[in-house]
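Colleague: Provide a 3D model corresponding to the input given below.
(chains A and B)
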Amino acid sequence: MMFLSMAIMAQGPVITKYFNDLEDNENYTKVSVSQKMFSMFTELEAGSDAENEFLEAVSKLKGLKIIAADSVADAAKMYKKAVADVNKAGYEELMSVKDAEENMQFSIIEKDGIISELLMVVGGNKSFVMLSLYGEIDLKNISKIAQEMRVEGLENLGKMHDDHDKEHDTY
Amino acid sequence: MVKCTMTMTRNTILISFILLLGFQNLFAQEQPLKDFAEERRENKFCFYPSTLRMVNLANNPDFDDLVNGIEKLLIYSLDSTARADKTYKDLIATYEELDYEELASAYGGKLNFYIYGKDKEYIGIIRQEDLVTAFYMRGQIAMNKLPQLMQSMSEGDFINPFDFNLDDFGKNTQDQ
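Modeller: Alright, predicted model coming up:
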């Protein structure tokens, strides 16, 4: 039981709950990338400094989970509920963006100066994205990972880039 | 005497190498996929390094880097029965029993895929609307080149080997 709860904690309690809740809902695409996949990056040889930075950052990740929908009627409701669940679960809000098109919130779980999960929730008029990146996360490398991986939904992490220095100072 | 010993050593190395190749094929775990897909296939494609480079129409260097370490790529497009009864999920269960670990998966929505791997062998199922593709790959893949390649794929730099038809591609790549 203890191991099970530790595994859920490692994967992020909120994303795990939403994965389970939306398991059979065909409107939502659920993507999961395992630690094994990330560990395969460690076997590669970097061709440049930038590539080396990316490989180093990625090799510390333990997983990535994404829930995404681009045409759901209750997107705004889902976003509100998800943000409430994230805050209730004890995540620390890192940054939020609100505009006419979509709302976005980045939250983290951090202990002893190490970020173990970065959770992003995005809600538009009809779109919803929840993305959880877990492992050992260095915020300096987030935009690099987002830029290099080009996974749908992950590009939003790049929006942290402009505010990165500010965030890093306040963090 | 020394010359004789060197010749024997060379022969021993050569024989060991041939035996090693034989054992590698013996242990290659493509058979469960073949057993499953041979009776349910619409098309089958088998690529080796030389033929794999042929799909790189724009000579994209990322593509060559990606496929450089691939020894074999076997692709089956499955028939309508397999698409309907979803028995391809049994194939995944078979590989799980062979200690293959999940690398990535996506389900729900328009794109579904399951990719499993063990050592340097990988199998996967990709379902896009009415097309289901199963593949087996042996070798090493340059993971860091994948994102650029996905981009290139959408720009038509090369034929997507998981989504092409025979009208688009030379029929000599078929491994019948």
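
Colleague: what sits closest to the residue of chain B found nearest chain A if chain neighbours are left out?
Modeller: Using Cβ to the nearest Cβ, residue B:109 is the residue of chain B that sits closest to chain A, at 3.3 Å. In short, each C-beta sits where N, CA and C put it, glycine included. Spatial nearest neighbour of residue B:109, chain neighbours left out: residue A:29 (3.3 Å); criterion: Cβ to Cβ, 6 or more residues apart in numbering or on different chains.

Colleague: and that neighbour, bridged to which residues?
Modeller: Beta-bridge pairing for residue A:29 (DSSP bridges): residue A:68.

Colleague: what sits against the residue of chain B closest to chain A?
Modeller: A:26-29, A:68-69 (Cβ atoms under 8 Å, 6 or more residues apart in numbering or on different chains).

Colleague: mind listing the helices for chain A?
Modeller: Assigned by DSSP state H, chain A shows helices spanning A:2-11, A:13-21, A:35-39, A:49-59, A:75-88, A:139-149, A:164-170.

Colleague: for chain B, which of those helices is the nearest?
Modeller: Between chain B and these, the shortest separation by Cβ to the nearest Cβ is 4.2 Å, and it involves helix A:35-39.

Colleague: buried set for that closest one?
Modeller: A:35-38 (16 or more other Cβ atoms under 10 Å in any protein chain shown).

Colleague: with stretch A:71-80 instead?
Modeller: Here stretch A:71-80 shows A:72, A:75-76, A:78-79 as buried, counting by 16+ other Cβ under 10 Å.

Colleague: any chance of those in TSV, with distance to chain B and pLDDT too?
Modeller: As requested, the buried residues of stretch A:71-80 are arranged in TSV below (distance: Cβ to the nearest Cβ, whole Å; pLDDT from 0 to 100):
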residue	distance to chain B	pLDDT
A:72	11	92
A:75	14	93
A:76	20	92
A:78	14	95
A:79	18	96
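
Colleague: after the helix or strand bottoming out on mean pLDDT in chain B comes which helix or strand?
Modeller: Lowest mean confidence among the helices and strands of chain B (mean pLDDT, DSSP states H and E): helix B:2-27, at a mean of 52. Remark: after helix B:2-27, the chain's next helix or strand is helix B:31-37, criterion DSSP states H and E.

Colleague: what packs against the helix or strand just after that following helix?
Modeller: Per DSSP H and E, the first helix or strand lying C-terminal to helix B:31-37 is strand B:41-47. Packing partners of strand B:41-47 (3 or more Cβ pairs under 8 Å, 6 or more residues apart in numbering or on different chains; DSSP states H and E): strand B:70-78.

Colleague: and the next helix or strand past the strand it packs on?
Modeller: Taking DSSP H and E, what comes next after strand B:70-78 is helix B:80-85.

Colleague: for that next one, buried residues please.
Modeller: Those would be B:82-83, for helix B:80-85 by 16+ other Cβ under 10 Å.

Colleague: other residues contacting that helix?
Modeller: B:37, B:40, B:88, B:127, B:130-132.

Colleague: what's near enough to touch the residue of chain A found nearest chain B?
Modeller: Residue nearest to chain B within chain A: residue A:29 (3.3 Å; Cβ to the nearest Cβ). By Cβ under 8 Å, 6+ apart, the residues touching residue A:29 are A:66-69, B:106-111.
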